[in-house]
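Enquirer: fold the following.
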Amino acid sequence: MKEPSYLRSGELAWLCGVSADTLRHYERLKLLPAPRRSPGNYRLYAPEAADRVRLIRQALAVGFSLPELVRLLKVRDAGGAPCRQARRLLEEKLSGMDQRIADLSEMRDRLRQILEDWDRRLARAPDGTPARLLESLALPDSRSKSLNWRGRNSQ
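Expert: Sure thing, here's the model as predicted:
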C-alpha cells in the first residue's frame, strides 16, 4: 500500500492561499491536527489538511469567527453533528447584518436630509460669509434627530 504524499507547510500554505504562519495559528487553535514531522523536523500535513484549511477559510469568509469554528469543529471531530448550532450561528449573523444594513440605510437618509438643509443654508448665505454648517448639527432639532438616527424613540 502506497503511503500518502504529505505536504510541507509551505506547500500546503501555497495550495490554500494562506501563509505558513496561518497554518501554525490554526494548529495552535486545534483547527488543524498537529502534523507529522520529517526527520528534519519539517511539518508534514496529510493531503486532507488542504480540505480542512479551505473549509476554515470559507467559513471565515461567510462570517464565522475562529472561536466559533473551534467549538464547531471540536464537536465534529469528536463524531458529533454541530449542524444545528452552525445554522443558528449563521442565522444570527444574517440577522445582525440585516440590522446593520437597516441602520446604515437610516443613516444615509439622515445624511441626505442634512445635505438638503446645508444646501438651503448655503443658498441663503452671501459669498464669503460662514453658513455655520457644522454648528447646525448641534442645534436642538438636528441634535435630537442625530441622536435618534437609528429610528429608536428615546424614553
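Enquirer: give me the neighbour count for residue 123.
Expert: 8 (other Cβ atoms under 10 Å). In short, each C-beta sits where N, CA and C put it, glycine included.
Enquirer: oh, that last question was meant for residue 72, not what I typed.
Expert: 19.
Enquirer: wait, a helix at it?
Expert: Yes. Remark: residue 72 belongs to a helix, assigned using DSSP: H, G, I helix; E, B strand; the rest coil.
Enquirer: what mean pLDDT does the lengthiest helix in the chain get?
Expert: The longest helix of the chain (DSSP state H) is helix 83-124. Averaged over helix 83-124, pLDDT sits at 96.
Enquirer: who touches the nearest residue in space to residue 17 that is not next to it in sequence in this structure?
Expert: Leaving out its chain neighbours, the residue that sits closest to residue 17 by Cβ to Cβ, 6 or more residues apart in numbering is residue 57, at 7.5 Å. By Cβ atoms under 8 Å, 6 or more residues apart in numbering, the contact list for residue 57 reads 16, 17, 18.
Enquirer: write the ChimeraX selection for whichever of these are buried.
Expert: Of the contacts of residue 57, the buried ones go into a single ChimeraX selection, burial set by 16 or more other Cβ atoms under 10 Å:
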select :16,18
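Enquirer: could you chop the chain up by domain?
Expert: 7-81, 95-147 (automatic domain parsing).
Enquirer: where does the protein dip in pLDDT?
Expert: Applying pLDDT under 70 to the chain flags residues 1-4, 140-155.
Enquirer: tell me the secondary structure for the residue of it positioned farthest from its centre?
Expert: The outermost residue of the chain relative to its centre, with distances by Cα atoms, centre = their mean, is residue 126 at 47.2 Å. Following three-state DSSP, we place residue 126 in the coil state.
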